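[1] Have a look; sequence and predicted model below, questions after that.
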Amino acid sequence: MSDAVRESEIAAEQAYLDRVYTRLDQLRISAAEVEKAGYSLARVGNFGALVERDAMVYHAARRRRALESEHDGLVFGRLDLGPDGVSGADAAAVPPAVPGGEVRYVGRLGLRDETYESLVVDWRAPAAAPFYRATPTDRMGVVRRRSIRSTAEKVVSIEDDLLDPSSAPESMAVIGDGALLANLSRATGRGMKDIVATIQREQDDAIRSPASGVTIVRGGPGTGKTAVALHRAAYLLYADRNRYESGGVLVVGPSEVFVGYVSRVLPSLGEDTASLRSLGQLVEGVHATRHEPPEVAAVKGSLRMQRVLGRAARGPVPDSPDRIRILYRGELLSLDKPALDDLRRTVLNLGVKRNAARAKAAGHVLDALWRQSVELLPSGRQQKREEFAPDIAERPEFIRFMRGWWPVLRPAEVLGWLADRHRLSRWANGVLSNKEIGVLAGSISVGDLSVEDVALLDELHELLGDPPVRKRQPRDPFQVAEGVREVTTYADRMAAARAQAVERPTDYRDYAHIIVDESQDVSPMQWRMIGRRGPHATWTIVGDPAQAAWADAAESGRAMDGAVGTRRRSSFTLTTNYRNSAEIFEVAARVIRRVQPDIELPTAVRSSGVAPVERVVASQELESSVRAAAQSLLDQVEGTVGVITPTSRRDEVAKWVADLAPDRLQTVGALDSKGMEYDGVLVVEPSDIREEAETGFRTLYVALSRATQRLTTVGTRAF
Ligand SMILES: Nc1ncnc2c1ncn2[C@@H]1O[C@H](COP(=O)(O)OP(=O)(O)OP(=O)(O)O)[C@@H](O)[C@H]1O
C-alpha cells in the first residue's frame, strides 16, 4: 500500500473526526447552557418550574461530564458493512465504501448529529458488537474493519482487517498489519492500558455475557482477564444502568498496588460508578496492606477459623467479673461463674447477636437475682419482679458488673484475644493443631493488621453484630444549614445522592454485581467476606488456578460456592497471552510445567527475538548485580521496570535500587506482583520465591510472567 493511499485514507478519517469533534463541542456548549438555564428557572418560582429546573440541571450536568471525559480517542473504529450488514439506524452519513452497504463508526460514547443521524455508536451498544466479534468465518456483515488511532483530535494511524475480500470493491484500501499487534508493542505506563479498541472475540464473549448468574472467566497469564473484568463492569453499567448504578458494582482485586494499577482504566471506559477495592480494604475503617507469611496466611484463611472465632465470640470476656454480689434488704444475692456461664449461653442461644443482646442479658441476670430474693426473703419483704428489676438495675455495682461482664465488643478487640496462646488453645481445641495454634497466636498484632486479618474482622463483625447506636434526631432533608431551608436544587441533592452512591461506605453490603479478579488467591475466609457484600448479587469471577497461592483448592472452591450460591454458571476460557513475548513466556512455562507437565497454557502471540537473561552470582555480589541489572533494564525499555523479590526481602531489595528511577521503577514482593505488568522485569532470587511456600512455584510462575519486553533473573542459585 503506497504512502499516498495511506495519507489520503487518513485525511478522509480526519475529516470525519473533525465533524465529530465539532459536534462534541456543540453538545458540550449546549449542555452547559441548559444547565445554566435550568438554574435561572428558579426565579420563576412556581413548583412545576422548580421540578423542571432540577431535572434539566441534573441531566445536562451529567451529559456535560460524559462529553468532557470521553474526549481523547473518542472514535476508534469504523465498520464497512456490505448489504447484508445494513441496519440504517446506526449508519454514518458518509457514502458507503461497499455498494448497497453502510459505514458505522464506533467510539467511547454514542453521538448523533443535529438531524439525529448517527455519528458514533457506543462501543457497548449491540450495533458495535461486530467490531469485536466479526471474523472471516463469521463476518456479521462486515467487509472491512478499521481501527483508528488518534491523539488530541488528530488521526495518527489506521489499521485494517479485510474480512470479506470477495465483497470488497477494487477501490477499497486496506492499510496496516492489524491494530492488535500495534497496540501490544506500545510501552506500558504506570497504569493498565485501556484495550477498548482491540478487544478480541473470545474476550468480548465474556464481556457481553448476560449479567444473570455467575460468569467465570479463566485463562493463563496475560490473557486479558483483568482487562475483561474491567470492561465488563463498564458494559454492565451501560446495559442496565438503572439496576447496576443504584445497586452498585464492586470490583475486588488482590492488593492495593494492583488496585492503583487498574483504577485508571474504569474512568477511561466512561465509568466512575464502580467501586474498586483490594482485599485489605473491604472492612470500614481498615486499610491493610501487609501480607502474612505463608504458614500464617494458611491458618488465617482456612474455614476452620470460623469455629475458632465462633467460640471466642461466644465465650466469656477475658478478665471480666466472674460473679455478682448484691446486698438486698439484708440478704446477699449472688451468682457465681457456672450460673453466669449458663446465663450467657442461654442468651446467645436466643439467636440475637452479642452486641444487640446486652439488654436481654441484663434482664436474665435480674431474673435470676430476683428468683433468689424470693427464695431468701420472707414473703412480706419480697418485691414483685417489676419493682425489683429497676431498683437493682440502677445500682452502681450492677451497672459496673454489666459493663465488665457484657461489654460492647469490637471485632479488633476479640481478634486481639487470640494472641493469648493459652486462651486460644481452648477455642482452637480439636480444630487447629498445636503448631497452628502457636503460629496463629504469635501472629496477632491488632496495631498492625494484615490483609488476612481483615476477613477475620469481618467474620467477627458478623458474629458480634453492630454496637447499639444511640437514636439521633431525624434530619430534615430540606434543612441544609441551621435556619436555612431549601436552598439546594433537586439536582444538587441528586448529585449529592449520586456522589454518596458512588462513594459507597466500605462495608456496603448489597452490591448488585461483584467482580472478583485474581480469584484463585481468595482464601476461604475471604470468600465469606466478599459473599457478605452481595447476598443478592450476580457475579463475574476471574482467575487462573495455575497462579494460585492458596494450597487447598477444594476448600477454596467450597467457600466460593458458599459465597455465590447456586446461581446458574457460565464459563469462558481465554487462550492467548497478549502480554509476554514468546521468549519470556517460555521461561515462566518451564517453571510451571516442571510440576504440572500436562497443564494447558496460553499461546504468546508476539515474538521479540530477545532472549531473557538468567544470571547466577555469588551472594556477596547479589546487591551490586541487582543494581546493575535494574539499571540495564531501565536503559533498554522506555516504560516501567518491576523488581520482583521474595516477599520477605522486599524492603531490603527496595533500598538497593531506591535511587535508580523512582518514577519508572517499582519494587514489589512476589505475592504483590499478582496482576501487575511492567515493560522490563527483574526477578531477584527466583529460587527463594519458589521455596517461600508450598505453592511457591506458582508464585514464581506469576513473577516470571509480568514482563512485556524484557526479563532478567538474578539469584545466588539456578531456579
Ligand atoms: N485485546 C487486547 N488488545 C490489546 N491488549 C490486550 C488485549 N487483551 C489484553 N491485552 C493486554 O495484555 C496484557 C495482559 O492483560 P491482563 O493483565 O488483563 O491479563 P490477565 O489475564 O489478567 O493476566 P495475569 O493473570 O497474568 O495477571 C495487558 O497489557 C493488556 O492491556
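    In hand now; what should we look at? Numbering: from 1, shown residues only.
[2] rest of the way, CA atoms for contacts and neighbours
    Will do.
[3] How about the residue of the stretch 251-400 of the chain found nearest the ligand, nearest residue that isn't a chain neighbour?
    Closest to the ligand within the stretch 251-400 of the chain is residue 262: 8.9 Å, counting by CA to the nearest ligand atom. Nearest-residue entry for residue 262: residue 192, 5.2 Å, with adjacent residues in sequence omitted and distances by CA to CA, 6 or more residues apart in numbering.
[4] got the residue ranges for the helices in the stretch 551-700 of the chain?
    With helices called from DSSP state H, counting those that start in this stretch, the stretch 551-700 of the chain shows them at 553-564, 582-595, 622-636, 650-657, 686-691, 696-704.
[5] now the third one: mean pLDDT?
    Mean pLDDT, helix 622-636: 97.
[6] And for the second one?
    Across helix 582-595, pLDDT averages out at 96.
[7] so how far is it off the chain centroid?
    In terms of CA atoms, centre = their mean, to the nearest Å, the gap separating the centre of helix 582-595 from the centre of its chain is 28 Å.
[8] List of residues touching stretch 650-661?
    Contacts to stretch 650-661, defined as CA atoms under 8 Å, 6 or more residues apart in numbering, come from residues 623, 626, 627, 630, 631, 634, 644, 645, 667, 668, 669.
[9] returning to that earlier point: make sure I have this right: the residue nearest to residue 262 is in a helix.
    No. Assessed by DSSP: H, G, I helix; E, B strand; the rest coil, residue 192 does not belong to a helix; its assignment is coil.
[10] so which of the contacts of stretch 650-661 comes closest to residue 609?
    residue 634 (18.8 Å; CA to CA).
[11] Return the distance of the closest one relative to residue 640.
    Counting by CA to CA, to the nearest Å, the gap from residue 634 to residue 640 is 8 Å.
[12] what residues are shared contacts of the two?
    Common contact partners of residue 634 and residue 640 (CA under 8 Å, 6+ apart): 664, 665, 680.
[13] Give me the buried entries from the residues you listed.
    Burial by neighbour count, judged by 16 or more other CA atoms under 10 Å, picks out 665, 680 from the shared contacts of residue 634 and residue 640.
[14] Dump the shared contacts of residue 634 and residue 640 into CSV; add pLDDT as well.
    What follows is the shared contacts of residue 634 and residue 640, written out as CSV (pLDDT from 0 to 100):
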residue, pLDDT
664, 94
665, 96
680, 96
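[15] Could you tell me which of the shared contacts of residue 634 and residue 640 belong to strands?
    Mapping the shared contacts of residue 634 and residue 640 onto strands (DSSP state E) picks out 665, 680.
[16] now, which of the shared contacts of residue 634 and residue 640 sits nearest the ligand?
    Nearest to the ligand among those, counting by CA to the nearest ligand atom, is residue 680 at 12.7 Å.
[17] doesn't residue 644 make contact with that closest one?
    No. Using CA atoms under 8 Å, residue 680 is not in contact with residue 644, being 10.7 Å away.
[18] which parts of the longest helix along the chain are buried?
    For the chain, the longest helix by residue count, based on DSSP state H, is helix 3-40. Neighbour-count burial for helix 3-40, counted by 16+ other CA under 10 Å, picks out 6, 9-10, 13-14, 16-17, 20, 23-24, 27-28, 31-32, 34-36, 38-39.
[19] Which elements pack onto that helix?
    Counting by 3 or more CA pairs under 8 Å, 6 or more residues apart in numbering; DSSP states H and E, the packing neighbours recorded for helix 3-40 are helix 47-69, strand 154-162.
[20] Now do that helix and strand 154-162, the angle between them.
    Relative orientation of helix 3-40 versus strand 154-162 (axes from the mean of the first three to the mean of the last three CA atoms, to 10 degrees): 120 degrees.
[21] Check what pLDDT residue 363 gets.
    Reported pLDDT for residue 363: 94.
[22] buried sites along the helix or strand containing it?
    Residue 363 belongs to helix 358-376 when assigned by DSSP states H and E. Within helix 358-376, the residues that count as buried by 16+ other CA under 10 Å are 358, 361, 362, 364, 365, 366, 368, 369, 370, 372, 373.
[23] Now do that helix: distance to the chain's middle.
    On the basis of CA atoms, centre = their mean, helix 358-376 sits 50 Å off its chain's mean C-alpha point.
[24] Next: stretch 282-300.
    Its chain's average C-alpha position is 16 Å from that of stretch 282-300, according to CA atoms, centre = their mean.
[25] the helices in the stretch 251-400 of the chain, which residues?
    Counting by DSSP H, counting those that start in this stretch, the stretch 251-400 of the chain has helices at residues 256-262, 265-268, 294-301, 305-314, 337-348, 358-376, 385-393, 396-405.
[26] worst average pLDDT in those?
    Across those, helix 265-268 has the smallest mean pLDDT, namely a mean of 79.
[27] and the buried residues of helix 358-376 as JSON lines, adding distance to the ligand?
    Listed next are those as JSON lines, based on distance: CA to the nearest ligand atom, whole Å:
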{"residue": "358", "distance to the ligand": "48"}
{"residue": "361", "distance to the ligand": "51"}
{"residue": "362", "distance to the ligand": "54"}
{"residue": "364", "distance to the ligand": "55"}
{"residue": "365", "distance to the ligand": "56"}
{"residue": "366", "distance to the ligand": "59"}
{"residue": "368", "distance to the ligand": "61"}
{"residue": "369", "distance to the ligand": "63"}
{"residue": "370", "distance to the ligand": "65"}
{"residue": "372", "distance to the ligand": "67"}
{"residue": "373", "distance to the ligand": "69"}
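[28] and which of these is nearest residue 123?
    residue 358 (55.3 Å).
[29] correct me, but that closest one touches residue 406?
    Yes. Using CA under 8 Å, residue 358 is in contact with residue 406, at 6.5 Å.
[30] who in this protein is up against the ligand?
    Proximity of the chain to the ligand (CA under 6 Å from any ligand atom) is limited to residues 180, 183-184, 193, 195, 198-200, 220-227, 578-579, 674-675.
[31] For residue 541, see how far away residue 208 is.
    14 Å.
[32] So between the two, which is more surrounded?
    residue 541 (23 against 17; other CA atoms under 10 Å).
[33] pull the CA atoms of the helix or strand harbouring that one into PDB?
    Per DSSP H and E: residue 541 is located in strand 538-543. Extracted C-alpha coordinates of strand 538-543, given in PDB (Å, rounded to 0.1, in the frame of the first residue of the first chain):
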ATOM      1  CA  THR A 538     -24.800 -11.600  40.300                       C
ATOM      2  CA  TRP A 539     -21.100 -12.400  39.800                       C
ATOM      3  CA  THR A 540     -18.100 -12.300  37.500                       C
ATOM      4  CA  ILE A 541     -15.200 -14.400  38.800                       C
ATOM      5  CA  VAL A 542     -11.900 -14.100  37.000                       C
ATOM      6  CA  GLY A 543      -8.800 -16.200  37.700                       C
END
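[34] What is it packed up against?
    Under the contact definition 3+ CA pairs under 8 Å, 6+ apart, strand 538-543 sits against strand 214-219, helix 225-239, strand 513-516.
[35] Can you tell me what sits against the longest one?
    So that's helix 225-239. 124-125, 194-196, 203-204, 206-208, 211, 217-219, 244-245, 249, 251, 265-266, 269-271, 274, 515, 517, 540, 542-543, 574, 675.
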